[in-house]
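**Q** Provide a 3D model corresponding to the input given below.
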Amino acid sequence: MTVHLSSQSDLEDAIAALVKQDRRLKPILALTGMPALRQREPGFAGLAHIVCGQQLSTASAGAIWGRLTAAFDPFDPELIRKARAERLGRLGLSAAKIKTLKNIARELAAERLNLDVLAEEDADAAHHTLTALHGIGPWTADVYLLFCLGHGDAWPAGDIAIQEAIRVGLGLQARPTARQMAPLAEPWRPLRGAAAHLWWSYYRVLKNREGVIAK
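**A** Next up, the predicted model:
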């Protein structure tokens, strides 16, 4: 059964279960305190928001998203599908991101993609569905599953902050690669998404300790 992180209470229950599953996490939680649940809007808007922010500063991404949602209100995939590329470009979107958003909108219109059902699927299968879409990489897929859908087992294996937190927290000699992160997270199934929240919190603790994080 898929676990959903829909509320702070859900996350706290999942973290409590994780600590029982893997005692190595107990001292991590003691240092971080209970993580706060991070949530973003679901559906096409949520995925589009993440795509728009890829490889941009927070300020730049926010400005583009603000112009985009002001120009298309409501932010409907059919409107994006029909919009001229030139208009979208004037709002700040790159050609690659325009192609990605239009492709997602076409897949939704053709009912070949249903973003809502991904919340109920196995995390790895849902990840594969998203990364099969043009312009959707592993990080984008995992962030959407975790923050927009609240998928309790989504695992952002390519996130550098989590990789570094695990290196320090588990006493590894080197930062694990995305491929190495998969077996490391096996003890945390089906709650890898909750584990990700915990490791992000631990990374923030490490950032406040001068000299711990490798430059």
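
**Q** Where does the record place the domain boundaries for the chain?
**A** 8-38+153-207, 43-148 (automatic domain parsing).

**Q** now those in CSV, with distance to T2, mean neighbour count and mean pLDDT?
**A** Just so you know, the C-beta spots here come from the backbone N, C-alpha and C atoms, and that holds for glycine as well. Conversion of the domains of the chain to CSV gives the following (distance: least, CB to CB, whole Å; neighbours: other CB atoms under 10 Å; pLDDT from 0 to 100):
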stretch, distance to T2, mean neighbour count, mean pLDDT
domain 8-38+153-207, 7, 18, 96
domain 43-148, 6, 17, 94
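
**Q** Quick one: the helices in this structure, in order.
**A** 8-21, 26-32, 43-52, 58-71, 77-82, 85-90, 95-109, 123-131, 138-143, 160-169, 178-184, 192-207 (DSSP state H).

**Q** For G152, find the nearest of these.
**A** With CB to CB as the criterion, G152 lies closest to helix 192-207 of the helices of the chain, at 4.7 Å.

**Q** ok, residues contacting the closest one?
**A** Residues from elsewhere that reach helix 192-207 (CB atoms under 8 Å, 6 or more residues apart in numbering): 3, 5, 11, 14-15, 17-18, 25, 28-29, 31-33, 35-38, 123, 145-146, 150-156, 159, 161-162, 164-166, 168-169, 185, 188, 212-213.

**Q** What is the distance between that helix and the centre of its chain?
**A** Distance of helix 192-207 from the chain centroid (CA atoms, centre = their mean, to the nearest Å) equals 13 Å.

**Q** picking up where we left off before, so which of the helices of the chain gets nearest D116?
**A** Using CB to CB, the helices of the chain put helix 43-52 closest to D116, at 7.4 Å.

**Q** That closest one packs against which elements?
**A** When contacts are defined as 3 or more CB pairs under 8 Å, 6 or more residues apart in numbering; DSSP states H and E, helix 43-52 sits against helix 58-71, helix 77-82, helix 95-109, helix 138-143.

**Q** between it and helix 95-109, how big is the angle?
**A** Going by axes from the mean of the first three to the mean of the last three CA atoms, to 10 degrees, helix 43-52 is angled at 160 degrees with respect to helix 95-109.

**Q** Any chance you could list what contacts helix 43-52?
**A** With CB under 8 Å, 6+ apart, helix 43-52 has contacts from 40-41, 61, 64-65, 68-69, 75-77, 80, 93, 97, 100-101, 104-105, 108, 115-116, 135-136, 140, 143-144, 147-148.
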